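J.: Fold the following, please.
(one chain, ligands or ions: 1)
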Amino acid sequence: MARIIKDTANTLYPSILSYSLVFVIRQFQPDDMFAVIKIAYTTLPEQYNPSIFNYFYESNPQGFLVAEHNHKLIGFLTSIKTTQTTAKILMLAVIKNHQKKKIGSAILNEFFKEVYRSHIIKVELEVRTTNIQAIDFYKKHGFTIIDTIPQFYQNKEDAYLMTKTF
Ligand SMILES: CC(C)(COP(=O)(O)OP(=O)(O)OC[C@H]1O[C@@H](n2cnc3c(N)ncnc32)[C@H](O)[C@@H]1OP(=O)(O)O)[C@@H](O)C(=O)NCCC(=O)NCCS
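T.: I've put the predicted structure just below:
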């Protein structure tokens with residue numbers, strides 16, 4: 001289990017895991033750009049134009065979080081506000097050798113704090129219907145499948161639309 005050991009203005013979620021993996025969840029900074037693009041490229045099947053990350057940062061900096069371990073980024077989450085009271089998670093990824101260590105959960109929980117601060121009442125996301133790992137992860141964090149979107153992805157795979165209300 002992750003537990004908070006310290007809280008500072010710039011460091012949103014300093015945590016230590018039982019096997020001594022110390023990591024920090026903080027807001028994305030422009031210097032993180034290349035590391036985030038690399039994580040997206042190596043962990044997500046969809047190919048994104050790198051310039052889109054700059055757009056995410058400029059349109060919703062509070063909803064763009066990274067996980068850092070030993071001065072190296074190991075995960076990130078991007079989101080947009082879809083209305084004044086709703087938001088969408090666009091990408092959430094943890095590098096392969098650090099998956100299943102609660103880092104994704106720590107990033108998501110930090111994002112939920114921002115959701116509360118912004119008075120957002122609903123968060124939605126799309127996930128591949130074949131991505132059992134991510135579907136289980138989101139269900140564990142209170143998301144429910146509410147619809148299937150046929151051929152949503154570049155390779156024509158279907159997506160589930162999942163939502164969580166606050
Ligand atoms: C999905 C993802 C972000 C989860 O992050 P993570 O740090 O690995 O997840 P956590 O360790 O916080 O897992 C929390 C829970 O999610 C579920 N989960 C996570 N990985 C899982 C896996 N490989 N298989 C089944 N369930 C899994 C489990 O319920 C887990 O709880 P448990 O450890 O008590 O069993 C990460 O695996 C990832 O980056 N996957 C590749 C990219 C992706 O598919 N992103 C989501 C689509 S946008």
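
J.: Tell me which helix or strand whatever residue of the chain ends up closest to the ligand sits in.
T.: Residue of the chain nearest the ligand, by Cβ to the nearest ligand atom: residue 104 (2.1 Å). In short, each C-beta sits where N, CA and C put it, glycine included. Using DSSP states H and E, the element containing residue 104 is helix 103-117.

J.: where are the low-confidence patches of the chain?
T.: 1-20 (pLDDT under 70).

J.: As a check, name the ranges of all strands in it.
T.: 3-4, 15-16, 22-27, 65-69, 72-81, 86-94, 122-128, 144-149, 159-165 (DSSP state E).

J.: what about the third one and the ligand, touching?
T.: No: between strand 22-27 and the ligand, judged by Cβ under 6 Å from any ligand atom, nothing touches; the nearest distance is 10.4 Å.

J.: How much space separates the residue of the chain closest to the ligand from residue 26?
T.: Distance of residue 104 to residue 26, computed by Cβ to Cβ, to the nearest Å: 16 Å.

J.: between these two, which one's more packed in?
T.: residue 104 (23 against 17; other Cβ atoms under 10 Å).

J.: and the gap between the closest residue to residue 69 other than its chain neighbours and residue 116?
T.: Using Cβ to Cβ, 6 or more residues apart in numbering and skipping residues adjacent in sequence, the residue nearest residue 69 is residue 23, 4.3 Å away. As judged by Cβ to Cβ, residue 23 and residue 116 stand 22 Å apart.

J.: and these two? which has more neighbours close in?
T.: residue 23 (25 against 9).
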